[in-house]
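Trainee: Return a 3D structure for these sequence lines:
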Amino acid sequence: MRLGLGMVLLCALVVAAAPTALADWPHPVKWEQLDPASGNYQWSTITDTDSQMVADDFMCEETGWITDIEFYCIGALANVDALRVTFWWDVPGTVDEESHPGELIGDPIIVNPAGADGIGFKVIEVPEPVGIEAKVKINLPECDWFVQEEGNIYWIGIQGYASMYAWIVRDPEGLDTNYDDAVYVDKQGVLWHLGYDEDGRFDKYQGRLPDDWTSADMCFRLTGIPIPEPSLIALLGVAGLALLKRRRR
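Mentor: This next block holds a predicted model:
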């Protein structure tokens, strides 16, 4: 009976640790607004002399780590040296201003092309017919997993280190807008809100969107793993100590 209990506890330890070792582990979806893409896009690029950023907001519905990011982009990834991922606190909207990213959380995450371990970014799908659009997956290094707390709204920004790189906009037709519109920060540092005008044309706007505009979202999905409850952490700790004592015997 003791041996069976020990094996169960050992398995619990292994299962708890497994996701940290597998880049492509099928982690639960933390936020979903990936499909369908609209064909519209906005530049999101950073170089030594130029910086343009697109960011969109998301709600944390369960405290945990964000470990993987998927999104649609336009641009030749072969010419992209790295991607720059940033997370920001939310500044809630007011009667005079739309919500937007506030303070940067932590340092920017620089993601390189994926290696043999799968960590980094890679193209995982090229829509047919083959064009310049691509679905990209980012497997964040474990040291860069983003901790999000349930009930908070955050913003994520994705930029490419390249001369031409853009993030694709989600198709609004028949879809509910998720929270507020995405934002674009131009080369001069001016904040724009992204949306569709009264004629359905994708565009950017300073200040609150007019009432006859439709808010625009970016195509992305966030996956990750929940942070264990304190009781589970304690259980695993007890299990580890029990196994260690048995080994010493």
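Trainee: Tell me where the longest strand sits in this protein.
Mentor: Counting residues, the longest strand found in the chain (DSSP state E) is strand 64-74.
Trainee: Following element in sequence after that strand, please.
Mentor: Where DSSP states H and E defines the elements, the next helix or strand beyond strand 64-74 is strand 83-91.
Trainee: okay, the angle between that next one and strand 64-74?
Mentor: For strand 83-91 against strand 64-74, the angle by axes from the mean of the first three to the mean of the last three Cα atoms, to 10 degrees is 120 degrees.
Trainee: mind exporting strand 83-91 as PDB, just the C-alpha atoms?
Mentor: Only the C-alpha atoms of strand 83-91 are listed here, as PDB (Å, rounded to 0.1, in the frame of the first residue of the first chain):
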ATOM      1  CA  LEU A  83      10.400  39.000 -32.100                       C
ATOM      2  CA  ARG A  84       9.900  41.400 -29.200                       C
ATOM      3  CA  VAL A  85       7.000  40.600 -26.900                       C
ATOM      4  CA  THR A  86       5.800  43.000 -24.200                       C
ATOM      5  CA  PHE A  87       3.100  42.900 -21.600                       C
ATOM      6  CA  TRP A  88       1.500  46.000 -20.200                       C
ATOM      7  CA  TRP A  89      -0.900  47.100 -17.400                       C
ATOM      8  CA  ASP A  90      -4.300  48.300 -18.600                       C
ATOM      9  CA  VAL A  91      -5.400  51.900 -18.300                       C
END
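Trainee: any residues touching that strand, and which ones?
Mentor: With Cβ atoms under 8 Å, 6 or more residues apart in numbering as the test, strand 83-91 has contacts from 46, 53, 55, 57, 69, 99-106, 108-111, 121, 138, 140, 144, 146, 152-161. Every C-beta, even on glycine, is put in place using the N, C-alpha and C of the backbone.
Trainee: Residue 212: what's it in contact with?
Mentor: Residues near residue 212 by Cβ under 8 Å, 6+ apart: 197-198.
Trainee: Helix, strand or coil: sort out it for me.
Mentor: coil (DSSP: H, G, I helix; E, B strand; the rest coil).
Trainee: So residue 125 is in contact with residue 73, correct?
Mentor: No - between residue 125 and residue 73 there is no contact under Cβ atoms under 8 Å: 11.3 Å.
Trainee: what's the overlap in contacts for these two?
Mentor: Common contact partners of residue 125 and residue 73 (Cβ under 8 Å, 6+ apart): residue 134.
Trainee: Give me the below-cutoff pLDDT ranges for this structure.
Mentor: Counting by pLDDT under 70, the chain has low-confidence residues at 1-25, 75-79, 127-132, 163-164, 174-179, 229-249.
Trainee: What ranges does the chain have for its helices?
Mentor: 2-17, 230-248 (DSSP state H).
Trainee: what's the spacing between the closest residue to residue 81 other than its chain neighbours and residue 54?
Mentor: Leaving aside its sequence neighbours, residue 81 sits nearest to residue 161 (Cβ to Cβ, 6 or more residues apart in numbering; 4.5 Å). Going from residue 161 to residue 54 by Cβ to Cβ, to the nearest Å gives 15 Å.
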